[in-house]
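Student: output the structure for:
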Amino acid sequence: MKAAVYYETGEPDVLRYEDVPDPVCGPGDVLVRVEAISIEGGDTLNRAGGEMPAVPHVVGYQCAGEVVEVGRDVSDRAVGQRVVATMFWGSHAELVAVPAMLTWPLPQGADVIALACVPVAFGTADDCLFEFGHLQAGETVLIQAGASGVGVAAIQLASRAGATVIATASSDGRLERLREFGLDHGINYSQPDWVDAVRDVTGGRGVDLAVDSVGGPVLAGSVRSLAYRGRAISVGNAGRDRQPLDVSLLAMGNQSLTGVFLGAEIATPRAQAMIARLIDDVASGALRVLVDRTFPLAEAADAHAYVESRRAVGRVVLIP
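Tutor: Next up is the predicted model:
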């Protein structure tokens with residue numbers, strides 16, 4: 001099969017489009033012929049400096065496609081069924097073998113490209129807002145990196161729940177594209193006074209919940225944006241800045257900071273059911289996936305570079 005691989009971590013140009021052996025379908029697995037690959041934030045972080053279980057390495061957390069083989073211990077998946085799958089690595093390829101329990105069937109006739117983008121981004125957003133963020137109707141939420149896949153999902157879910165939604169992005173143009181998804185107030189975080197802007201929007205009170213996927217100094221700003229008893233969620237380090245956070249800042253406001261990683265719970269019945277509901281919502285049109293651009297798998301290096309340029313709004317998808 002063809003795959004986008006690399007032999008060492010680094011910039012997007014480490015990616016090569018090469019022939020590699022087909023994956024083997026184990027007893028509890030399904031083998032999926034990949035039709036669409038959602039480039040996740042973790043994919044670019046892993047390519048830049050993550051672990052490489054094999055050389056060459058095929059990166060990638062998520063894809064969708066058609067089941068072409070079913071392991072002998074699998075009874076709830078069938079050849080010919082379309083699924084979206086999550087995995088620790090391997091999505092940037094024409095075929096992937098993945099445990100059947102980490103796949104979700106797609107409704108008949110559903111948009112494979114859109115649903116290839118759902119489990120990680122929408123599942124993460126849902127967990128950040130509700131399972132761990134305890135967002136309630138009438139509260140105000142700050143969503144950092146609102147133009148990301150998680151950001152677009154979180155804006156919709158928070159708006160649907162009756163919250164006032166503030167989101168940040170790196171340009172006014174990217175923010176404007178988010179208004180149709182439920183954004184109430186957009187703040188350009190390339191401006192040095194963006195924390196003051198959040199305070200101004202909330203009448204000086206601050207936000208009840210901040211969802212932060214950027215980390216570093218942005219996470220510190222998220223904490224400074226909290227209201228009394230506000231909650232902050234840290235869900236990644238897209239900014240690649242390991243600046244320490246002085247958590248003593250939380251004490252005076254009786255505030256909290258929670259780290260969230262969907263992967264730790266994705267195999268639980270709760271998370272499995274939650275993701276299935278989100279897939280149904282996207283398939284029915286109740287929620288929307290925003291795909292900024294698609295690239296051929298052969299151009300994975302260009303696609304990763306585009307993601308890292310911060311020009312995209314929503315997801316960037318590879319097509320084998």
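
Student: what pLDDT does the residue nearest to A167 when sequence neighbours are not counted get?
Tutor: Closest residue in space to A167, ignoring its immediate chain neighbours: G146 at 2.9 Å, by Cβ to Cβ, 6 or more residues apart in numbering. (Each C-beta comes from the backbone N, C-alpha and C, glycine too.) Per-residue pLDDT puts G146 at 97.

Student: tell me the contacts of G146?
Tutor: By Cβ atoms under 8 Å, 6 or more residues apart in numbering, the contact list for G146 reads V152, A154, I155, A167, T168, A169, R174, L175, L178, L183, G186.

Student: now do the contacts for the third one.
Tutor: What it means is I155. I143, G146, V165, A167, L178, F181, G182, L183 are the contacts of I155 under Cβ under 8 Å, 6+ apart.

Student: quick one: which helix or strand includes it?
Tutor: Take DSSP states H and E as the rule and I155 turns out to sit in helix 149-160.

Student: still on that earlier bit, against I187, how distant is the residue nearest to A167?
Tutor: 9 Å (Cβ to Cβ, to the nearest Å).

Student: joint contacts of these two?
Tutor: Contact with both G146 and I187 is made by residues A167, T168, L175, according to Cβ under 8 Å, 6+ apart.

Student: for the record, mean pLDDT for stretch 198-211?
Tutor: For stretch 198-211, mean pLDDT rounds to 97.

Student: quick check: G259 vs A137, distance?
Tutor: From G259 to A137 the distance is 25 Å (Cβ to Cβ).

Student: okay, buried residues for the helix or strand containing Q272 please.
Tutor: If you go by DSSP H and E, Q272 is part of helix 269-284. For helix 269-284, the neighbour count (16 or more other Cβ atoms under 10 Å) marks A271, Q272, M274, I275, L278, I279, D280, D281, V282, A283 as buried.

Student: that helix to helix 149-160, inter-axis angle?
Tutor: For helix 269-284 against helix 149-160, the angle by axes from the mean of the first three to the mean of the last three Cα atoms, to 10 degrees is 80 degrees.

Student: in terms of secondary structure, what does helix 269-284 contact?
Tutor: strand 103-105, helix 112-115, helix 119-126 (3 or more Cβ pairs under 8 Å, 6 or more residues apart in numbering; DSSP states H and E).

Student: would you mind finding the most buried of these?
Tutor: A comparison of the helices and strands packed on helix 269-284 by mean neighbour count, using mean count of other Cβ atoms under 10 Å, puts helix 119-126 on top with a mean of 26.
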